[in-house]
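**Student:** the sequence isn't on hand, but the structure is:
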Ligand SMILES: C[S@@+](CC[C@H](N)C(=O)[O-])C[C@H]1O[C@@H](n2cnc3c(N)ncnc32)[C@H](O)[C@@H]1O
């Protein structure tokens, strides 16, 4: 190789090499966070600061290897070293504990499930074909995979409801549910959203519509909110059958899981069931029409994750409005922000 050639191919001065390395090695940091969580280190360290050898015994790990993970975890801000050479949790890492409100452990364990991890390894397949890498890799869709293991299924549905309580409070503040006799939460999961809605509207009845797998913890969630006696849990395939008649339907983070054709099927089923004066409330993260003024990082990653793991996508307001229109539903006015949740509300009625 000539000196001239070396000069030509050298990284130009000021090139953003470090940020690129940061992105490239991000998957290693993410796996460190995952293993830190899976081993239950946050639970152990919440009891008291410990050194690597003590922790290794407590969580059944190799002491030397665990020391190295802990040292790297200081760089990730998960732990810090005390003057006695022990490790203690940082404030943010308390959310990795199993038993705290708002624990992100279910989310991490779901998204680092082996099958999801391997599907992400086939992102290139999704980008080349537009197909779900998950289905390509495992031959089944992600919901079916999660349903096959009770533990994973519970973890997945807990993960799904993680941000939902906050979004539910914002939705209940943005829309007056006391005006409705019955609200159907289509794909309502474990009932986190409907519990908050029913608590905000003591005279309103609820129908939680989801699969049997999606509702395993629903009775507990609805009971805790004191809403169980006003809520029916219905196991219905929303792709194949219409929900019951009601005066309000909520679909939160449901349409983004599906391709356009199946979104139309879900919405047509709702349209077929609803009386003419009923309202359909769609809550989603809305993709901007252009990225020129920036993009919410959560939305950006969620969209590619949906590409890898489902047939769905994060849609723009225009795209969602068109899907609703195809099903005979007209959006009342522009979307409304749901506080600082990043989600937006579209209100539609029969066209
Ligand atoms: C992304 S989660 C959203 C859950 C809830 N709406 C929320 O925002 O927390 C999608 C929900 O759709 C449900 N689901 C998936 N396929 C379904 C089907 N064919 N019929 C009914 N529910 C389904 C899942 O069980 C899950 O609860």
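**Tutor:** The structure has been received and is ready for your questions. Remember, it's a predicted structure, so these values are computed and weren't measured experimentally.

**Student:** for residue 71, see how far away the residue in the chain that the ligand sits nearest to is.
**Tutor:** Here the chain gets closest to the ligand at one residue, residue 214, 2.9 Å apart by CB to the nearest ligand atom. Bear in mind the C-beta positions are built from the backbone N, C-alpha and C, glycine included. As judged by CB to CB, to the nearest Å, residue 214 and residue 71 stand 41 Å apart.

**Student:** okay, these two: which has more neighbours?
**Tutor:** A direct count of neighbours by other CB atoms under 10 Å for residue 214 and residue 71 places residue 214 higher, at 24 against 13.

**Student:** can you pull the contacts of that one?
**Tutor:** Applying CB atoms under 8 Å, 6 or more residues apart in numbering to residue 214 gives the contacts 157, 187, 188, 189, 190.

**Student:** residue ranges of the helices in the stretch 151-300 of the chain, please?
**Tutor:** Using DSSP state H, counting those that start in this stretch, the helices of the stretch 151-300 of the chain run over residues 164-174, 192-200, 218-224, 260-273, 297-309.

**Student:** how about those helices in a markdown table, adding mean neighbour count, distance to the ligand and mean pLDDT?
**Tutor:** Listed next are the helices of the stretch 151-300 of the chain as a markdown table, based on neighbours: other CB atoms under 10 Å; distance: least, CB to the nearest ligand atom, whole Å; pLDDT from 0 to 100:
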| stretch | mean neighbour count | distance to the ligand | mean pLDDT |
| --- | --- | --- | --- |
| helix 164-174 | 19 | 4 | 93 |
| helix 192-200 | 25 | 6 | 97 |
| helix 218-224 | 17 | 10 | 97 |
| helix 260-273 | 19 | 8 | 98 |
| helix 297-309 | 17 | 10 | 96 |
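
**Student:** ok, now which ones touch the residue nearest the centre of the chain?
**Tutor:** Nearest to the geometric centre of the chain sits residue 160, at 4.9 Å (CA atoms, centre = their mean). For residue 160, the contacting residues are 189, 190, 253, by CB under 8 Å, 6+ apart.

**Student:** got the phi and psi for the closest residue to the second one other than its chain neighbours?
**Tutor:** If you skip the residues right next to it in sequence, residue 190 has residue 217 as its closest partner in space, 4.5 Å away by CB to CB, 6 or more residues apart in numbering. Its backbone dihedrals place residue 217 at phi -110, psi 10, with angles given as degrees, to the nearest 10.

**Student:** now the helices of the stretch 151-300 of the chain in TSV, with distance to residue 344?
**Tutor:** TSV is the format used below for the helices of the stretch 151-300 of the chain (distance: least, CB to CB, whole Å):
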stretch	distance to residue 344
helix 164-174	10
helix 192-200	15
helix 218-224	25
helix 260-273	17
helix 297-309	11
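
**Student:** residue 145 is nearest to which of those helices?
**Tutor:** Set against residue 145 and scored by CB to CB, these come closest in helix 297-309, at 9.5 Å.

**Student:** and that closest one, what does it pack against?
**Tutor:** helix 114-120, helix 123-129, helix 133-138, strand 279-285 (3 or more CB pairs under 8 Å, 6 or more residues apart in numbering; DSSP states H and E).

**Student:** buried deepest among these, which one?
**Tutor:** Ranked by mean neighbour count, these are led by strand 279-285 with a mean of 23 (mean count of other CB atoms under 10 Å).

**Student:** can you tell if that one touches the ligand?
**Tutor:** No: Strand 279-285 does not reach the ligand (CB under 6 Å from any ligand atom); its nearest approach is 7.4 Å.

**Student:** what is the mean pLDDT for that strand?
**Tutor:** Mean per-residue pLDDT for strand 279-285: 97.

**Student:** please apply the same query to stretch 38-45.
**Tutor:** 97.

**Student:** related to what we said a few turns ago, just put the contacts of residue 214 in TSV and tack on pLDDT and neighbour count.
**Tutor:** Output for the contacts of residue 214, formatted as TSV (pLDDT from 0 to 100; neighbours: other CB atoms under 10 Å):
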residue	pLDDT	neighbour count
157	92	25
187	98	22
188	97	30
189	95	25
190	95	24
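
**Student:** picking up where we left off before, out of the contacts of residue 160, which are inside strands?
**Tutor:** Judged by DSSP state E, strands contain none of the contacts of residue 160.

**Student:** relative to residue 127, how far out is residue 309?
**Tutor:** 14 Å.

**Student:** low pLDDT regions in the protein?
**Tutor:** By pLDDT under 70, the weakly predicted segments of the chain are 1-17.

**Student:** close to the ligand: what parts of it are there?
**Tutor:** Checking the chain against the ligand by CB under 6 Å from any ligand atom, the hits are 143, 160-161, 164, 187-189, 192-193, 210-211, 214, 237-239, 252-254, 257.

**Student:** do you know how far the residue nearest to residue 190 is from residue 195?
**Tutor:** 11 Å.

**Student:** could you do residue 68 as well?
**Tutor:** Distance of residue 68 to residue 195, computed by CB to CB: 44 Å.

**Student:** likewise residue 76?
**Tutor:** Residue 76 is 34 Å from residue 195, by CB to CB.

**Student:** do the same with residue 153
**Tutor:** On the measure of CB to CB, residue 153 and residue 195 end up 20 Å apart.
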